[in-house]
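Trainee: need a structure here:
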Amino acid sequence: MTRSTAGWRRLLSLLLVTVLALAAAACGGDDDDDSTGGGGGSGDGGDDVTKAAWIYVGPINDGGWTQAHNEGREQVEEELGDAVETTYKESIPEGPEAEQVVRDLVAEGNEIIFATSFGYGDVLAEMAEEFPDVRFEHATGITTGENLATYFGASEDTIYLTGLAAGAAIPDGGTVGFVAPFPIPEVIRHINAFQVGVAEVNPGATTKVVWTNTWFDPEVERQAADSLIADGVDAIASGQDSPASGEAASEADLPFVGYDSDQSENLGDIWLTASLYNWGGYYTDRVQAVADGTWETGAYYGGIEDGLVSLAPFGPQVSDETKQLIEQRQQEIVDGEFYEFDGPLVDQDGEERVPEGESMSLEEILAMDWFIEGVEGNPAG
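Mentor: Got it, this is the predicted structure:
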């Protein structure tokens, strides 16, 4: 069965984000550097100014995940002007080391703090209990509380679409090498969705996974891509924040599928497309909700239909026929008429995981720890 037109994700998630009227305001001032590479924003620090902060796992110029989040922060400044003051901390390690960063941001008077990577979860849960008057938001998180919300996007849908482009760009029965960050459910479901797309247009084609255990380490990610190329893959895909895998594909003249950022201008003929996130609207709404006193916790899971996830422009290797199929499937996803995790789905050991006529639920894909048939690699890392 496919999802209903209303979208089953909305029934399983606590979607509490309201589209808020944004006050017209002047543009913000210049950023001010601090010891962790963060920078101020707009506003004069008065009682009518909302202070918001972001914690990033990588640098703001990573060309991927962190850059996209920072562009969302900049949109908040542009939209809310002098009514907001923003701060960011970049390249903050996940885990206990983030605790002092959160404490500092609270001490500076920030009323809402966005932490943008999965590994900040434990610290954020502890800090939310300790500081009940501060609102915390955790990207890709799984734990909510009265003042702790989570948010993410259904990028498995757009990554499935990129798999269509990749499968059509390689020889029959070929292999796409996938440079993957960490063996967590988020990444595993992305790889599975990608392989569904690859196999739909190229039956017998496979996706070969190499884990890097990094979000942003260009040297390690380049080595992983080079190892896949040496193994004879026909294209490269990446789930990382750096452009290193794309650069390796470019030098090898192999088709490339990106993630997080549009590299079409840099990679020329080898570029296929990428799954993108558009965080600015969500961030603006949530900061405005704090200012209005209407912020509520929730578990937001945005999709193609609300613009949180989208596709980058197509490269020249994507044929008109493939573009038409991608556009058709994209509309079917929005309309609830197609779902990449409809059964039958078989895992890489041949065991049926999802029978024909059934669909995986949001809860099931958020906990996915197995690879589907056609994926080469160990889902445990």
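Trainee: pLDDT weak spots in the stretch 251-381 of the chain?
Mentor: Within the stretch 251-381 of the chain, no stretch has pLDDT under 70.
Trainee: And for the stretch 1-150 of the chain?
Mentor: Ranges of the stretch 1-150 of the chain meeting pLDDT under 70: 1-46.
Trainee: just the helices in it please.
Mentor: Ranges of helices in the stretch 1-150 of the chain, per DSSP state H, counting those that start in this stretch, are 8-12, 65-80, 98-107, 121-130.
Trainee: Format those as a markdown table; extra columns: distance to D226 and mean neighbour count.
Mentor: Glycine gets a C-beta too; all of them are placed from N, C-alpha and C. Shown next, in a markdown table, are those (distance: least, Cβ to Cβ, whole Å; neighbours: other Cβ atoms under 10 Å):
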| stretch | distance to D226 | mean neighbour count |
| --- | --- | --- |
| helix 8-12 | 37 | 16 |
| helix 65-80 | 22 | 22 |
| helix 98-107 | 32 | 18 |
| helix 121-130 | 32 | 18 |
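Trainee: closest one to M360 among these?
Mentor: Smallest distance to M360 across the helices of the stretch 1-150 of the chain (Cβ to Cβ): 10.2 Å, for helix 8-12.
Trainee: mind checking the SS state of V346?
Mentor: strand (DSSP: H, G, I helix; E, B strand; the rest coil).
Trainee: quick one: it and E85, what's the gap?
Mentor: Look at V346 and E85: by Cβ to Cβ, to the nearest Å, they are 52 Å apart.
Trainee: the more surrounded of those two?
Mentor: The residue with more neighbours, out of V346 and E85, is E85; 25 against 14, by other Cβ atoms under 10 Å.
Trainee: Can you tell me the strand partners of the helix or strand hosting S275 and which way each runs?
Mentor: Element membership for S275 (DSSP states H and E) is strand 271-277. Next to strand 271-277 in the sheet, as set by DSSP bridges, lie strand 256-259 (parallel), strand 309-311 (antiparallel).
Trainee: List of residues touching the longest one?
Mentor: In other words, strand 256-259. 64, 159, 162-163, 165-166, 176, 194, 235-240, 243, 245-246, 249-250, 263, 267, 270-275, 312 (Cβ atoms under 8 Å, 6 or more residues apart in numbering).
Trainee: List the beta-bridge partners for the residue nearest to A291 when sequence neighbours are not counted.
Mentor: Of all residues not flanking A291 in the chain, T50 sits nearest, at 4.4 Å (Cβ to Cβ, 6 or more residues apart in numbering). Taking DSSP bridges, one obtains V84 as the residues bridged to T50.
Trainee: Among the contacts of strand 256-259, the buried ones, what's the ChimeraX command?
Mentor: Buried residues within the contacts of strand 256-259, by 16 or more other Cβ atoms under 10 Å, are selected in ChimeraX with:
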select :64,159,162,163,165,166,176,194,235,236,237,238,239,240,243,245,246,249,250,263,267,270,271,272,273,274,275,312
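Trainee: Just to be sure, which of the contacts of strand 256-259 are found in helices?
Mentor: 159, 162-163, 165-166, 194, 245-246, 249-250, 267 (DSSP state H).
Trainee: From start to finish, how long is stretch 237-252 in a straight line?
Mentor: 13 Å (Cα to Cα, to the nearest Å).
Trainee: and that stretch, how far from the chain's centre?
Mentor: 17 Å (Cα atoms, centre = their mean, to the nearest Å).
Trainee: V123 and Q67: what is the separation?
Mentor: Distance from V123 to Q67, by Cβ to Cβ: 23 Å.
Trainee: so L272 sits right up against G167, yeah?
Mentor: No - using Cβ atoms under 8 Å, L272 is not in contact with G167, being 10.2 Å away.
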